[in-house]
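Trainee: Kindly generate the corresponding structure for this input.
(chains A, B and C)
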Amino acid sequence: MIDKLERILATARAIPPGRVTSYGRLAMHAGFPRGARLAVAALRGADDETVPWHRILRADGRIAFPPDHPHHAEQAQRLRAESVMVRNGRVDLGRFGWRVDAPDLLLPPD
DNA sequence: CTCATGACTAGCT
DNA sequence: TAGCTAGCCATGA
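Mentor: Below you'll find the predicted structure:
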């Protein structure tokens, strides 16, 4: 249970700076095909500073937080600090999307 | 056990 | 592009 969440967080840490991915894809790479909401649970409970939460977006490339939410601005700022273009709370996934070269080798089989 | 709740998605209008 | 819907799945009341 918590292992699943940790697994997702570990995968999130593998996202390189300047790259982004979606909740669903993050979960998929962690080994949970339909676990978008699992990714949410993992990130929500993670107060860990080593987790690059700002590199996780919705499947359409938009920031998940509502525009008026404090995290929205912070996330955009952090992304721009990594040279990721954010326009109207949205990122072009085709351009900045995380390309995983070896999905299976990201984490131990466990 | 049922119900509500999320930083969600894919599909359709 | 925007809105709506059914499906998704762990967690907690």
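Trainee: Might you enumerate the residues of chain A proximal to DNA strand B?
Mentor: A:22-25, A:36-37, A:39-41, A:43-44, A:46, A:53, A:56-60, A:64-65, A:71 (Cβ under 7 Å from any atom of the strand). Every C-beta, even on glycine, is put in place using the N, C-alpha and C of the backbone.
Trainee: Any quick PyMOL command for the buried ones out of those?
Mentor: Buried residues within the residues of chain A next to DNA strand B, by 16 or more other Cβ atoms under 10 Å, are selected in PyMOL with:
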select buried, chain A and resi 22+23+24+25+36+39+40+43+46+53+56+57+58+64
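Trainee: Which members of the residues of chain A next to DNA strand B additionally contact DNA strand C?
Mentor: A:36-37, A:41.
Trainee: so which of those would you say is closest to residue A:90?
Mentor: Distance to residue A:90 across those (Cβ to Cβ) is lowest for residue A:36, with 18.0 Å.
Trainee: from memory the closest one sits against residue A:27, does it?
Mentor: Yes - Residue A:36 is within contact range of residue A:27, at 5.7 Å (criterion: Cβ atoms under 8 Å).
Trainee: Would you check how far apart residue A:76 and residue A:89 are?
Mentor: 7 Å (Cβ to Cβ, to the nearest Å).
Trainee: Overlap in contacts, these two.
Mentor: Here residue A:76 and residue A:89 have residue A:63 as joint contacts, going by Cβ atoms under 8 Å, 6 or more residues apart in numbering.
Trainee: So if I had to pick from the two, which one is more boxed in?
Mentor: Shown here are residue A:76 and residue A:89; by other Cβ atoms under 10 Å, residue A:76 has more neighbours (21 against 18).
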